[in-house]
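Engineer: take this sequence and fold it.
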Amino acid sequence: MRKELELYANIRPVKIFDALKHLSPLKAERIAGVDFVVVRELTGGIYFGDHILEKRAARDINDYSYDEVERIVRKAFEIARGRKKRVTSIDKQNVLATSKLWRKVADEVAKDYPDVTLEHQLVDSAAMLMITHPAKFDVLVTENLFGDILSDESSVLSGTLGVMPSASHSESGPSMYEPIHGSAPDIAGLGIANPVSMILSVAMMLRDSFGETAAADRIEQAVEAAFAQGILTKDLGGQATTAQMTEAIISSL
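Structural biologist: All right, here's what the predicted structure looks like:
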C-alpha cells in the first residue's frame, strides 16, 4: 500500500503523558521533556532493493537517489520549522556510501533553512542517545532501515503502544493515518481495546492534512485530561473499557 500510494514519509511523534510516566521503562527524570518526531523514509533503501539468496551467499542492495534523500530531508526541515527548529539527521556515514550521500544532501538542504539547526548522528550513537538523553531530540530524519529500528525503539519510551499515533505522507496524493500497534484480533469485540492511538491519529490528520490545528490541540488536551482523571484502559493499568475511555475523552473536549 505504501508503495502504491507513494507514501514516502512516515511521521511518528513521541511524547510522554504525565499521567503515564510510571509506565516507561526509564526513570522519570530521564523522560522529562521528551517530545520528538521520527521522520522515516519509506519507499527506498534496502527494503526495496534486490534481495539475492544463493546457496552459500546472500546480497541485499541498498540504493538511494539524491532526489529521494532530498525529499525526505526537506520534509523533516519543514516539520522542524513548526517545532523547536532542530533536525538530527541519522546515518552510517563512516561506512556506507548511501549514508555519505545522505549526509551530503542533508547539508545542502540545510542551507535553505537558516532558521533550523542541523546536527548529524551515526545510527548507533542515535540509538544510545534515544535511551540516555531522549529529550535532546526534536526532529529525527533517517533512511528506511534505520528509521524502522529507531521508530520502534522510540515507541518503548512511553511504555505502551496504545497511545502512539503515526502518519504516512505522499507528495501530492492522500496520506494515511494509523495507530502503530497491530489489529489485535484476539481481543476483537471484547470492548477492552485502547482507542487512544486511533483518536490521536485522527488529531494528527486534522492538523497535518486539514490545517485544523485548534481542533487537533483540543483532542490531544482531552486525551491528557482523561488520563489525569485516572481513566485508563487495561493495557495502561486501569479498568476502563473502550467505550468508557472514548466517552471520557469526548466529555473532556
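Engineer: with just CA atoms, put the helix or strand hosting Glu78 into CSV.
Structural biologist: Glu78 is part of helix 66-81 when elements are defined by DSSP states H and E. Taking Å, rounded to 0.1, in the frame of the first residue of the first chain, the C-alpha atoms of helix 66-81 are listed here in CSV:
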residue,chain,number,x,y,z
TYR,A,66,19.7,12.3,-4.5
ASP,A,67,16.1,13.2,-5.1
GLU,A,68,14.8,10.5,-2.7
VAL,A,69,17.0,11.8,0.1
GLU,A,70,16.3,15.4,-0.6
ARG,A,71,12.5,14.9,-0.5
ILE,A,72,12.5,13.3,3.0
VAL,A,73,15.1,15.6,4.5
ARG,A,74,13.2,18.6,3.3
LYS,A,75,10.0,17.2,4.9
ALA,A,76,11.9,16.9,8.2
PHE,A,77,13.0,20.5,8.0
GLU,A,78,9.5,21.7,7.3
ILE,A,79,8.3,19.8,10.3
ALA,A,80,11.1,21.3,12.5
ARG,A,81,10.1,24.8,11.4
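Engineer: that one packs against which elements?
Structural biologist: strand 9-15, strand 35-41, strand 86-91, helix 97-110, strand 139-142 (3 or more Cβ pairs under 8 Å, 6 or more residues apart in numbering; DSSP states H and E). All C-beta atoms are positioned from the backbone trio N, CA, C, and that covers glycine.
Engineer: now the angle from it to strand 35-41?
Structural biologist: Taking axes from the mean of the first three to the mean of the last three Cα atoms, to 10 degrees, one finds that helix 66-81 is oriented at 170 degrees with respect to strand 35-41.
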